[in-house]
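In: Generate coordinates for the sequence data below:
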Amino acid sequence: MGFWRNLADRISGRDCFLECDGCDERAATHQVNDADFAMALIGLGAKMAKADGVVSRSEIRAFYEVFRPPPEGRDALDRAFELAMQTTLGFDGYARRLARRFRCYPAILEDVLDGLFHVAKADGTITPDEMDYLQRVADIFGFSETEFRRILAGHVEPDDKDPYVILGIEAGISDLDLRKAYRRIASQNHPDRLIARGAPLEIQRLADEKMAAINAAYGEILSQRGLVAPLAN
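Out: A predicted model of the protein is given here:
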């Protein structure tokens, strides 16, 4: 069972409720519509491949690495993908559909962005058009510029390797808030949580790299501040 299909089967409104104090009880009991969920992801992934105007075989292969349908669903997926990749028009509708569904579960939306980055990088580079596509999807998902830079740093090595960028925090953050931010980011990006959400090996390897970068950035900031151990409560 593929990454996105597995997510659709596992994620319920109750999970969403636990992640967001602002969600009401009706949202907490709402189950994901698997077909609607899958179609939105197929659309976004196919249009990601088309973002620079040329759909390469490596991008198609990368798409199927992160969205592996059951054998009986492959033909339908192929048709939907081929139709969606004809143009990037309409990608925002798919993004908004997912943003509404998972507005209180940002970890899932970040998983989606990770999958899109995997497709974008498949041919060896992320073009300006592809970066614009990723930025616009992130905007629709509700990620701030700082959060997008953090996600980007997990896929493209930052020019200045600023540890604050890697953690998605401001340099003036207090020591206490630094610890809270690290714990939140590390928890959301921990490989074990990604595995639990059904990620394929390609994305799991990416999670290992992201987690290593997060830990290294946190350690560097602690060192800069003269904090050699985790902060006390």
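In: list the helices and strands the host helix or strand of Val165 packs on?
Out: Secondary-structure element containing Val165, defined by DSSP states H and E: helix 163-167. Applying 3 or more CB pairs under 8 Å, 6 or more residues apart in numbering; DSSP states H and E, one finds that helix 163-167 contacts helix 145-153, helix 175-189, helix 201-224. (Glycine included, C-beta is placed from N, CA and C.)
In: buried sites along it?
Out: Judged by neighbour count using 16 or more other CB atoms under 10 Å, the buried positions of helix 163-167 are 163-167.
In: Equivalent analysis for stretch 112-130, please.
Out: Per 16+ other CB under 10 Å, stretch 112-130 contains these buried residues: 112-123, 126, 130.
In: What is the neighbour count of Tyr218?
Out: If you count neighbours by other CB atoms under 10 Å, Tyr218 ends up with 22.
In: cool, and the one 5 residues further on?
Out: Per other CB under 10 Å, the neighbour tally for Ser223 reads 11.
In: how close does it sit to Pro163?
Out: Ser223 sits 10 Å away from Pro163 when distances are taken as CB to CB, to the nearest Å.
In: now the residue nearest to Asn215 when sequence neighbours are not counted: how far from Val156?
Out: The shortest distance from Asn215 to any non-neighbouring residue, by CB to CB, 6 or more residues apart in numbering, is to Ala186 (7.4 Å). As judged by CB to CB, Ala186 and Val156 stand 20 Å apart.
In: hang on, the earlier thing: in TSV: the buried residues of helix 163-167, plus pLDDT and distance to Ser56.
Out: As requested, those are arranged in TSV below (pLDDT from 0 to 100; distance: CB to CB, whole Å):
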residue	pLDDT	distance to Ser56
Pro163	91	34
Tyr164	91	35
Val165	87	29
Ile166	86	29
Leu167	89	33
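In: still on that earlier bit, chain center to the helix holding Val165, what's the gap?
Out: 17 Å (CA atoms, centre = their mean, to the nearest Å).
In: Start the count at 59 instead of 1 going forward.
Out: Let's use 59 as the start, then, which means that last one is helix 221-225.
In: Alpha carbons of it, as PDB, please.
Out: Taking C-alpha atoms only, helix 221-225 is exported to PDB below (Å, rounded to 0.1, in the frame of the first residue of the first chain):
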ATOM      1  CA  PRO A 221      21.100  26.800  12.000                       C
ATOM      2  CA  TYR A 222      18.200  29.100  12.700                       C
ATOM      3  CA  VAL A 223      16.900  28.700   9.200                       C
ATOM      4  CA  ILE A 224      17.200  24.900   9.500                       C
ATOM      5  CA  LEU A 225      15.100  25.000  12.600                       C
END
